[in-house]
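Enquirer: here is the input, now give the coordinates:
(one chain, ligands or ions: 2)
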Amino acid sequence: MDSLSYNFNIRSYQIYLFKVLVITSVEKIQIRVQTVIIRMSSNGSRFNRGNGSDIKDVCKIAIVGCAGVGKTAITVRYLTKRFIGEYCPTLERIYKCSCKVDDDDVRLEILDTAGQSKDAWKDGYAYWADCFMFVYSITDRQSFDEIIRLKRLVEQVKNSTSVIGILVGNKCDLLHDRQVPANEATELADEIGCQFCEVSAADWTDVASIKNLFKTLVKDLRKTRTVKEGRQRKQSSSVKFKQAIQKVISGKTPAKRTLSA
Ligand SMILES: Nc1nc2c(ncn2[C@@H]2O[C@H](COP(=O)(O)OP(=O)(O)O)[C@@H](O)[C@H]2O)c(=O)[nH]1
Ligand SMILES: [Mg+2]
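Expert: Numbers count the residues shown, from 1 in each chain. Ligands and ions are numbered 1, 2, ... in the order given. Now for the predicted structure:
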């Protein structure tokens, strides 16, 4: 009787141990499965965001102009809505961000240039960029005179006179130091085929105007791209039409020969 109860105890202990092991391993598996699911879902959402499946365009903008005109100040104002005051004068960087234009998400790559030389232009960002922000300071006549040369350089690199750009007169908070009248800048804008706007990166009430500079460029670029695509589609469909006609004509000729033979 004693040995029976002993055996029974051992068996029940074994069953208990077995149950515990099974439960803990099942729990472990459940935990692992849950972890994998969490990882997958978090990767998935990150992937969806990073992938940018709903992003339609990439727009590469180069901010160009003489040193000290406020290129970095404009870029930083746009990206952070802040005006820091002092910026590294040799800093040259590409910033990536996105914006909404006409209900579409557009990816922006903004190149804040520094100290351009003629050669750098030829080899570098003029070639890289889709559109340009030509910045001068309304308090610096020389920076305004430089714009026409910069525009010509871009045209050379792009091998086209129809460059997408906007002329920007910065530091319009410093009206007392103005060296470039607004009407003169409007004339230049007409001459180089750009829109024109005066802004102040320092004035916080001008944040919307700075945002608009970028939006205008993106809109112009998208319009140009749509027109180009339309033209290409038209060309390819007219080529296809011509090819179809030629096929019909060349298909009829041998058929006639067979008939006459
Ligand atoms: N008053 C005023 N100062 C500005 C404005 N934008 C830039 N600055 C100042 O001009 C200097 C040069 O600006 P920065 O952005 O570094 O010029 P960059 O060399 O063209 O990049 C800095 O001291 C800025 O604080 C502006 O709109 N108004
Ligand atoms: Mg700078």
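Enquirer: near ligand 1, which residues of the stretch 101-250 of the chain show up?
Expert: N170, K171, D173, L174, S200, A201, A202 (CB under 6 Å from any ligand atom). In this view, the C-beta of every residue, glycine as well, is placed from N, C-alpha and C.
Enquirer: now do the closest residue to R222 other than its chain neighbours against ligand 1, distance only.
Expert: Excluding the flanking residues, the one nearest R222 by CB to CB, 6 or more residues apart in numbering is D57, at 6.4 Å. Using CB to the nearest ligand atom, to the nearest Å, D57 is found at 26 Å from ligand 1.
Enquirer: what about D57, helix or strand, and which?
Expert: Taking DSSP states H and E as the definition, D57 sits inside strand 55-64.
Enquirer: circling back to that earlier point, what's across from the residue nearest to R222 in the sheet?
Expert: Using DSSP bridges, the beta-bridge partners of D57 come out as V106.
Enquirer: just to revisit the earlier point, of the residues of the stretch 101-250 of the chain next to ligand 1, just say which sits nearest to D112.
Expert: Set against D112, the nearest of these by CB to CB is A201 (12.0 Å).
Enquirer: just send the residues of the stretch 101-250 of the chain next to ligand 1 back as CSV, with neighbour count and pLDDT too.
Expert: Shown next, in CSV, are these (neighbours: other CB atoms under 10 Å; pLDDT from 0 to 100):
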residue, neighbour count, pLDDT
N170, 28, 98
K171, 25, 98
D173, 16, 98
L174, 15, 98
S200, 24, 98
A201, 29, 98
A202, 16, 98
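Enquirer: restricted to strands, list those.
Expert: Among these, the ones falling in strands (DSSP state E) are N170.
Enquirer: widest-spaced pair of the residues of the stretch 101-250 of the chain next to ligand 1?
Expert: Taking CB to CB, no two of these sit farther apart than L174 and A201, at 11.3 Å.
Enquirer: hang on, the residue nearest to R222 packs against D102?
Expert: No: under the criterion of CB atoms under 8 Å, D57 makes no contact with D102, lying 10.5 Å away.
Enquirer: which one of these two has more residues nearby?
Expert: D57 (16 against 10; other CB atoms under 10 Å).
Enquirer: need the contact list for that one.
Expert: Shown in contact with D57 (CB atoms under 8 Å, 6 or more residues apart in numbering): D104, V106, R107, V218, L221, R222, R225.
Enquirer: any idea which of those is least confident?
Expert: Lowest-confidence member of those: R225, scoring 87 (pLDDT).
Enquirer: number of residues surrounding that one?
Expert: Residues near R225, counting by other CB under 10 Å: 14.
Enquirer: what's the separation between it and ligand 1?
Expert: In terms of CB to the nearest ligand atom, R225 sits 29 Å off from ligand 1.
Enquirer: repeat for K158
Expert: The value you get for K158 to ligand 1, if CB to the nearest ligand atom is used, is 22 Å.
Enquirer: and what of R149?
Expert: R149 is 16 Å from ligand 1, by CB to the nearest ligand atom.
Enquirer: please identify the helix or strand for that residue.
Expert: With DSSP H and E as the test, R149 turns up in helix 141-158.
Enquirer: over to T161?
Expert: Counting by DSSP H and E, T161 is part of no helix or strand.
Enquirer: got it, and the one 4 residues further on?
Expert: Mapping G165 onto the secondary structure by DSSP H and E places it in strand 164-170.
Enquirer: now that strand - C-alpha only, CSV.
Expert: What follows is strand 164-170, C-alpha atoms only, in CSV (Å, rounded to 0.1, in the frame of the first residue of the first chain):
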residue,chain,number,x,y,z
ILE,A,164,13.3,76.4,-63.1
GLY,A,165,14.2,79.0,-60.5
ILE,A,166,13.0,81.7,-58.2
LEU,A,167,14.8,85.0,-57.5
VAL,A,168,14.8,85.8,-53.8
GLY,A,169,15.8,89.1,-52.2
ASN,A,170,16.6,88.3,-48.6
